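Q: quick one: sequence and predicted model below, then my questions.
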Amino acid sequence: MNPKPYAESCDQNREPILAVLRGLFADRKAVLEIGSGTGQHAVYFGAQLPFLQWYTSDRSENHAGIRLWLAEAGLANVHPPLALDVTQTDWPAPAVDAVFSANTTHIMDWPAVESLFAGLGQLLPGGGLFALYGPFNYDGRYTSESNARFDAWLKQRDPRSGIRDVADLNALADAAGLALRDDFAMPQNNRLLCWERR
């Protein structure tokens, strides 16, 4: 039996993220999580926000780990992972009124980030929300020394990855019919950005 995958960062950031999502998603019914990773966030948020149907998704190679977390939690409102690669044309996604993603856009290459926002424009209804957690730059500048070091590490690992600038993300969002609604400061020099579908 394989052990469940575990990311320490999920345990560290889940409570600050939950504090924001409680307000953002208070009137929502169904959320698609893009890049569910280990599955830890899904089971934690699903348990804490039982009024939400929480749909996990990731590339197929991560599904086994997500399923282990979901099986242990046994939550009726958290659904098995969908095979979703943001670069595919048609997303296998249910009807949702919100999307959540954590620590994904700095891992993806830029064409994938472009595909992510284009897909959101297709998926979300008017008034639908996209909440994105992670480190971001503003006006081409890092918000901390630690983020600058992290970005260097990312680019050493994969030159196509890296911390994205909020202005660049806003341009993609605008093209997809989304407007930035909220920008929350989070611990460890991270942010939680929320766009709303016009």
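A: Arrived safely.
Q: which residues does the residue nearest the centre of the chain contact?
A: In the chain, the C-alpha closest to the average C-alpha coordinate belongs to residue 101, at a distance of 0.6 Å (Cα atoms, centre = their mean). The neighbourhood of residue 101, defined by Cβ atoms under 8 Å, 6 or more residues apart in numbering, consists of 33, 34, 35, 116, 130, 131, 132, 133. For the C-beta atoms, the positions are set from N, CA and C on the backbone; glycine is no exception.
Q: CSV please, covering those residues and showing distance to residue 22, pLDDT and neighbour count.
A: Output for the contacts of residue 101, formatted as CSV (distance: Cβ to Cβ, whole Å; pLDDT from 0 to 100; neighbours: other Cβ atoms under 10 Å):
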residue, distance to residue 22, pLDDT, neighbour count
33, 16, 98, 30
34, 20, 98, 25
35, 21, 98, 21
116, 24, 98, 24
130, 17, 98, 26
131, 12, 99, 23
132, 17, 99, 24
133, 14, 98, 24
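Q: including distance to residue 67, could those go into CSV?
A: Shown next, in CSV, are these (distance: Cβ to Cβ, whole Å):
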residue, distance to residue 67
33, 14
34, 17
35, 16
116, 24
130, 25
131, 24
132, 25
133, 23
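Q: between the residues you listed, which sits nearest residue 20?
A: Distance to residue 20, by Cβ to Cβ, is smallest for residue 131 among the contacts of residue 101, at 7.5 Å.
Q: if that closest one is in a bridge, with which residues?
A: Each beta-bridge partner of residue 131 is listed here, defined by DSSP bridges: residue 100, residue 194.
Q: contacts only, for it.
A: Residues in contact with residue 131 (Cβ under 8 Å, 6+ apart) are 20, 21, 24, 25, 98, 99, 100, 101, 192, 193, 194.
Q: max-length helix in this protein?
A: helix 8-24 (DSSP state H).
Q: residues contacting the helix or strand just after that helix, please?
A: Next along the chain after helix 8-24, taking DSSP states H and E as the criterion, comes strand 30-33. The contact list for strand 30-33 (Cβ under 8 Å, 6+ apart) reads 25, 41-42, 52-57, 82, 93-101, 123.
Q: then stretch 70-79?
A: Contacts to stretch 70-79, defined as Cβ under 8 Å, 6+ apart, come from residues 4, 39, 42-43, 46-47, 50, 52-56, 80-81.
Q: just the CA trace of that stretch, in PDB.
A: The C-alpha coordinates for stretch 70-79 follow below in PDB (Å, rounded to 0.1, in the frame of the first residue of the first chain):
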ATOM      1  CA  LEU A  70     -10.300  11.300  -0.500                       C
ATOM      2  CA  ALA A  71     -10.800   7.700   0.500                       C
ATOM      3  CA  GLU A  72      -9.500   8.300   4.000                       C
ATOM      4  CA  ALA A  73     -11.600  11.400   4.500                       C
ATOM      5  CA  GLY A  74     -14.800   9.900   3.100                       C
ATOM      6  CA  LEU A  75     -16.500  13.300   2.400                       C
ATOM      7  CA  ALA A  76     -19.700  13.100   0.300                       C
ATOM      8  CA  ASN A  77     -19.100  16.700  -1.000                       C
ATOM      9  CA  VAL A  78     -15.500  16.100  -2.300                       C
ATOM     10  CA  HIS A  79     -15.400  14.400  -5.700                       C
END
